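Colleague: Predicted coordinates and the sequence they were generated for:
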Amino acid sequence: MDLIRNQFFIGFCINFILIYIFWKIPLMTKSGWISAGILGTILWGCLSWQGWISVVIYLLFGSLVTKIGFKFKKEQGIAEKRNGRRGPENVWGSASTGLFLAIMTKFNAANLVMFKIGFAASFAAKLADTFGSEIGKRFGEETYLITSLKKVERGTEGGISLVGTLASVLGSIFMAFIMIRLSIISAKSHFIIVAVSGFLATLAESIIGARFQNKYKLSNELVNAIQTSIASVFAIFAFILYSYFLN
């Protein structure tokens, strides 16, 4: 118990110091930085520095890719609001599923590997979505609605392009690579499960966007939470099946 308390205290101190140093960098709003600090403290307490740094990498690359062609996207009216700065709703919409699974690792050690795979898949899905959306909106020449393949305008909910789809694949693979390098996942099979689940969840998110988002007025943050949950369920189910047939 003392060790757990120490991990949370260390996480709080590191996040407080780093946010104090970097909060003026326009990656997040003030409340976004506070939310990131809370998230980072809990992640460090649950998954140590590896879990923390994996999400820092996700936030960094997600923010950087948003800036690609930002002037063009702004002129087209499809750029992220607040000049791409993340607010608390973005932080929790993207990370709530992963945070829940990180916390579960402290309550159910018997399924530690399974929860870590779900955690990794949730962030692979979110980075895949960010890569696909931001790169696709800038460089995708033609955009099609995923449910009908009819040509639509850039930035349309549920719209996909070849460039954006390839970027999604890259984002999911990259995040899975980060997770295995940080030993959050530890086997080639885990890497494949996380990367594939992340990409499939991104396609599912596009279907939700095309069919339900405007119809039911779903916020982007809610759709993000649904997407990351789908990725985690995919990954955990695939891991269970793989383990069953392996044994």
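Modeller: Yep, it's here. Not measured: the values here are computed from a predicted model.

Colleague: So which helix or strand of the protein has the lowest pLDDT on average?
Modeller: When the helices and strands of the chain are compared on mean pLDDT, DSSP states H and E, helix 70-76 comes out lowest with a mean of 68.

Colleague: buried stuff in whichever helix or strand comes after that helix?
Modeller: On the C-terminal side of helix 70-76, the closest following helix or strand by DSSP states H and E is helix 88-107. In terms of neighbour count (16 or more other Cβ atoms under 10 Å), helix 88-107 has its buried residues at 88-105. Every C-beta, even on glycine, is put in place using the N, C-alpha and C of the backbone.

Colleague: And stretch 112-129, by the same measure?
Modeller: Per 16+ other Cβ under 10 Å, stretch 112-129 contains these buried residues: 113-129.

Colleague: What lies in contact with stretch 17-34?
Modeller: 36-37, 59-60, 63, 82-83, 85-88, 90-91 (Cβ atoms under 8 Å, 6 or more residues apart in numbering).

Colleague: Just the buried ones from these?
Modeller: 36-37, 59, 63, 85-88, 90-91.

Colleague: Next, format those as CSV and append distance to residue 168 and pLDDT.
Modeller: Output for the buried ones among the contacts of stretch 17-34, formatted as CSV (distance: Cβ to Cβ, whole Å; pLDDT from 0 to 100):
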residue, distance to residue 168, pLDDT
36, 24, 88
37, 29, 90
59, 18, 88
63, 17, 83
85, 23, 74
86, 19, 78
87, 23, 80
88, 25, 84
90, 18, 84
91, 21, 87
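
Colleague: Output those as CSV; include the columns distance to residue 198.
Modeller: Formatted as CSV, the buried ones among the contacts of stretch 17-34 follow (distance: Cβ to Cβ, whole Å):
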residue, distance to residue 198
36, 21
37, 26
59, 16
63, 18
85, 24
86, 19
87, 23
88, 24
90, 18
91, 19
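
Colleague: got a list of what the closest residue to residue 183 other than its chain neighbours touches?
Modeller: Using Cβ to Cβ, 6 or more residues apart in numbering and skipping the chain neighbours, the partner closest in space to residue 183 is residue 50 (6.2 Å). The neighbourhood of residue 50, defined by Cβ under 8 Å, 6+ apart, consists of 182-184.

Colleague: Quick one: buried ones out of these?
Modeller: So, by 16+ other Cβ under 10 Å, the buried ones in those are 182, 184.

Colleague: name the element the residue nearest to residue 136 when sequence neighbours are not counted belongs to?
Modeller: Take residue 136 and drop its neighbours on the chain: the residue closest to it by Cβ to Cβ, 6+ apart is residue 164, 2.1 Å away. Using DSSP H and E, residue 164 falls within helix 162-181.

Colleague: Ok, residue 123 next?
Modeller: Assigned by DSSP H and E, residue 123 falls in helix 112-139.

Colleague: where in this protein is pLDDT low?
Modeller: 1-5, 70, 72-84, 247 (pLDDT under 70).

Colleague: Could I get the phi/psi values of residue 159?
Modeller: The phi/psi pair for residue 159 (degrees, to the nearest 10) reads phi -80, psi 140.
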